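A.B. asks: Need the 3D shape of this:
(chains A and B)
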Amino acid sequence: MTSSPSLKDSPTKGPWRVALHSLSRNVSAMLSLCLLLVMTIACLLAPFYAHTIAHTDPFTSNVAGTLILNGQKVDIMQPNDNPLHLGLSPIGPTWQRTYFLGADSQGRDVAARLLYGGRNSLFISSCAALLCLVLATFIGIMAGFSGKIVDTILSQLMDIMWAVPIYLLAISLSVVTVSSGLHIGPFVIESNNLLIPIMIIALVYVPYASRPIRGRVITLRQSDFVMAAHCLGIPRWRIIVQDILPHITITLVVLAPLIMAMSLLAESALSFLSIGVQAPAASWGTIIQDGEGLIYTRPMVAIAPGLAIVLVVLALNTLGDALRDALDQRDTSHVETP
Amino acid sequence: MILTLFYRISQMLFVLFGVSVLVFAIFFATPGADPTARIAGRNAAPQTLEKVRKEYGFDRPLPVQYAIMMKKLFITQDLTSYADRGERVVPEIFRAAPITLSLVGGAALIWTVTSITMGFIAAIFKDTWIDRTLMSLGLIGISIPVFWLGEVVNLITQDRYHNTWLFSWVPGLGYIPFSEDPAGWFKALVFPWCVLAVLFIGIYSRILRADLVAIAREDFMRTARAKGLSPSRILLWHGLRMAMITFISLFGLDFAQLVGGGALLTEVVFGLPGVGRLTYQALSSMDLPLIMATVMYSAVFVVMASAVVDVLYLFLDPRVRESHKKL
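C.D. replies: Numbers count the residues shown, from 1 in each chain, chains lettered A, B, ... in the order given. This next block holds a predicted model:
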């Protein structure tokens, strides 16, 4: 997919423009980008959908409620059509404005919750990816640029984090914060604050992201222009800001969608285990969890958010692949342990 | 060689020590996460809190608590659960381990065979529709949340199509021990295996293809081609062997992570009482010693696996062997 600038072009295009050009010709990447945009906009319009189109409140239990369906008044909780299951089950997908995807076990509109949940899922995963990259850049530069001792300490630290399965680490961190929140000095972060899952997810992926960054920084440190800057007596922080940072932005841009994809999966897994986003707030993971109990009677409750996750993660992965091809970074984002 | 081995073992021990400190710190030293309050319950009376603190030893300094915990976990192995008083944690993990091992082992077999086949075929048909289709399938596999896939598979095999000839043989959710009923064991695990394998088929086939394509440009491949061997034969005998190096290093770590409880979501969805589900149950009851023990247990697996992988490297890649001789 890489296009080399043709010889006729003069002056030569910069690497970003070349990459952008080849990216814009990549159909699947553009489709993914469109999908992500549509999803984001749809989720941002969640309040509009809930109040204006569906006329439901997706956050309060509505077990005793009714809705008008084809001119008839229908209970939201209906007698079971499956003789094997006892009790009432929520109404299935109406495919109309209200309760488009049906109701969950508390009589709440699944479609509206899906949009609200998408807001949280997308917000958490993008913030987590951003925070993770910031931390990883900091650690990667520290480790790659500061020489032996700092590098050894940081790499060992990353190895230690690496030795715990990512999901177990995230779960452990969530368990201790989910009941009482986080107290850092005078600051208290409540357990229902979205900052907690954001910080946890960002933290667990730092080793993953910092490894390729460190590798890149080490290569850069030995390059001629950094050597030259050293010889000119330019202070280290200026070398880092002016010479190193611009060169690792490519690595960062390639990593960003991939990390966001992983963060989204991690967030949904944590929420599915009910240690991520806390009720009554929703995320795609919590809706799947709500739907787990209804899986045989009202499968749509669990299927719809899962499909949303698959689509977004697929789009992000496709975009990440396309970016890697366009920026030709295949080698640096798959750096293995030396 | 002995020096390398010694260095490796000491590094292993260091990482294990680090993990234990990290895990301990997460559970007992996170700001605001006081284990006393958790055991005594919310809004407990100050006297109760004081009593619990004394009884569980939370009033001692953290390093002492850490040492006691480690002693109970590794040396005397009599660490008891907070939720079920008196229930020992270590034997509980060893009871659950075979279940996780049969889940992960079967899945590993499936994903190894499938991903090697997929990656190899994609590399042979590089840049054709076959390649693109296989790699897109792999990408989809990476993008599916495993717990959701499990739910959907359950919906299909346990409910919607359970009464058709296709899925009527699928037993209900849960585990059937191999010693009791080997056929039942196999039937109960077929779908969990496949569901767990999907993600790894995606990852491995894509990495294998990329490796094979990169290796095809190497000098020794060109030499083999110049000798007159056919391209697919070269890719199979020379390329695949080189690609297996990355494959094995990834496989070792992933396998160890899964055996160590990384298969938690699959186990929860399919109701398999393995190590992961044990962790999950410990989560619901906030049973710190049990969670701590399972996380430590998985770290031991991961660290050992990475050491084994390093040794395998020496056998597989002559270049690594040479560089070790120079050390």
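A.B. asks: quick one: stretch A:120-140 to chain centroid distance?
C.D. replies: 9 Å (C-alpha atoms, centre = their mean, to the nearest Å).
A.B. asks: With stretch B:167-182 instead?
C.D. replies: From the chain centre to the centre of stretch B:167-182 is a distance of 23 Å (C-alpha atoms, centre = their mean).
A.B. asks: can you list the residues that contact it?
C.D. replies: Outside stretch B:167-182, the residues that touch it by C-beta atoms under 8 Å, 6 or more residues apart in numbering or on different chains are B:99, B:102, B:154, B:156-158, B:161-162, B:184-185, B:187-191, B:270-274. Every C-beta, even on glycine, is put in place using the N, C-alpha and C of the backbone.
A.B. asks: do that again at 7 Å, thanks
C.D. replies: Identification of contacts with stretch B:167-182 by C-beta atoms under 7 Å, 6 or more residues apart in numbering or on different chains yields B:99, B:102, B:154, B:157-158, B:161-162, B:184-185, B:187-188, B:191, B:270-273.
A.B. asks: Could you identify which of the residues you listed has the most neighbours?
C.D. replies: For these, the largest number of neighbours (other C-beta atoms under 10 Å in any protein chain shown) sits with B:Phe270, at 26 neighbours.
A.B. asks: Can you tell me how far that residue is from A:Gly306?
C.D. replies: 16 Å (C-beta to C-beta, to the nearest Å).
A.B. asks: With B:Pro273 instead?
C.D. replies: Going from B:Pro273 to A:Gly306 by C-beta to C-beta gives 25 Å.
A.B. asks: ok, B:Val195 to A:Ile124 distance?
C.D. replies: 25 Å.
A.B. asks: my bad, should have said A:Ile309
C.D. replies: In terms of C-beta to C-beta, A:Ile309 sits 12 Å off from A:Ile124.
A.B. asks: which residues does the residue nearest to A:Pro90 when sequence neighbours are not counted contact?
C.D. replies: Using C-beta to C-beta, 6 or more residues apart in numbering or on different chains and skipping residues adjacent in sequence, the residue nearest A:Pro90 is A:Ala103, 3.8 Å away. A:Ala103 makes contact with A:Ile76, A:Pro90, A:Ile91, A:Asp109, A:Val110, according to C-beta under 7 Å, 6+ apart.
A.B. asks: Okay, and the beta partners of A:Ile68?
C.D. replies: A:Lys73 (DSSP bridges).
A.B. asks: State the distance from it to chain B.
C.D. replies: Between A:Ile68 and chain B the computed distance is 30 Å (C-beta to the nearest C-beta, to the nearest Å).
A.B. asks: For the contacts of A:Ala103, pick the one with the most neighbours.
C.D. replies: Counting by other C-beta under 10 Å, top hit in those: A:Val110 with 30 neighbours.
A.B. asks: OK, contacts around that residue?
C.D. replies: When contacts are counted by C-beta under 7 Å, 6+ apart, A:Val110 is found next to A:Leu101, A:Gly102, A:Ala103, A:Asp104, A:Ile287, A:Met300, A:Val301, A:Ala304.
A.B. asks: Among those, which lie within helices?
C.D. replies: A:Ile287, A:Met300, A:Val301, A:Ala304 (DSSP state H).
A.B. asks: Compute the number of surrounding residues for the first one.
C.D. replies: A count of nearby residues for A:Ile287, using other C-beta under 10 Å, gives 31.
A.B. asks: Could you measure from the closest residue to it other than its chain neighbours over to B:Glu267?
C.D. replies: Spatial nearest neighbour of A:Ile287, excluding adjacent residues (C-beta to C-beta, 6+ apart): A:Pro305 at 4.2 Å. Per C-beta to C-beta, A:Pro305 is found 21 Å from B:Glu267.
A.B. asks: Verify the stated contact: the residue nearest to A:Ile287 with A:Asp290.
C.D. replies: No - A:Pro305 lies out of contact with A:Asp290 (C-beta atoms under 7 Å); the separation is 9.0 Å.
A.B. asks: what about those two, which has more around it?
C.D. replies: Per other C-beta under 10 Å, whichever of A:Pro305 and A:Asp290 has more neighbours is A:Pro305, with 32 against 23.
A.B. asks: how close does B:Lys126 get to chain A?
C.D. replies: Look at B:Lys126 and chain A: by C-beta to the nearest C-beta, they are 13 Å apart.
A.B. asks: you'd agree that residue is up against B:Ala216?
C.D. replies: No - under the criterion of C-beta under 7 Å, B:Lys126 is not in contact with B:Ala216, lying 8.3 Å apart.
A.B. asks: quick one, which of these two is more surrounded?
C.D. replies: Per other C-beta under 10 Å, whichever of B:Lys126 and B:Ala216 has more neighbours is B:Ala216, with 19 against 13.
A.B. asks: Just give me the residue closest to the centre of the chain.
C.D. replies: Reading this off chain A. Nearest to the mean C-alpha position of chain A, by C-alpha atoms, centre = their mean, lies A:Ser125 at 2.6 Å.
A.B. asks: other chain: chain B
C.D. replies: Taking C-alpha atoms, centre = their mean as the criterion, B:Leu258 is the residue nearest the geometric centre of chain B, at 1.5 Å.
A.B. asks: how about that one, what does it touch?
C.D. replies: Contacts of B:Leu258 (C-beta under 7 Å, 6+ apart): B:Val104.
A.B. asks: Looking at the residue nearest to A:Ile287 now. What's its pLDDT?
C.D. replies: A:Pro305 carries a pLDDT value of 91.
A.B. asks: Check B:Asp84 too.
C.D. replies: pLDDT at B:Asp84 comes out at 64.
A.B. asks: what about the residue in chain A that chain B sits nearest to, which SS state?
C.D. replies: Nearest to chain B in chain A, going by C-beta to the nearest C-beta, is A:His183, at a distance of 3.1 Å. Secondary structure for A:His183, judged by DSSP: H, G, I helix; E, B strand; the rest coil, is strand.
A.B. asks: mind listing the strands for the stretch 51-200 of chain A?
C.D. replies: A:66-69, A:72-75, A:77-79, A:88-90, A:182-184, A:187-189 (DSSP state E, counting those that start in this stretch).
A.B. asks: Comparing those strands, which comes out most buried?
C.D. replies: The highest mean neighbour count among the strands of the stretch 51-200 of chain A, using mean count of other C-beta atoms under 10 Å in any protein chain shown, belongs to strand A:88-90: a mean of 19.
A.B. asks: average pLDDT for that strand?
C.D. replies: 72.
A.B. asks: Same question for stretch B:165-178.
C.D. replies: With pLDDT averaged residue by residue, stretch B:165-178 scores 80.
A.B. asks: circling back to that earlier point, among the contacts of stretch B:167-182, which ones are in strands?
C.D. replies: Taking DSSP state E, every one of the contacts of stretch B:167-182 sits outside strands.
A.B. asks: Which residues in stretch A:175-194 does the neighbour count mark as buried?
C.D. replies: A:Val175, A:Val176, A:Thr177, A:Val178, A:Ser179, A:Ser180, A:Gly181, A:Leu182, A:Ile189, A:Ser191, A:Leu194 (16 or more other C-beta atoms under 10 Å in any protein chain shown).
A.B. asks: No further questions, thank you.
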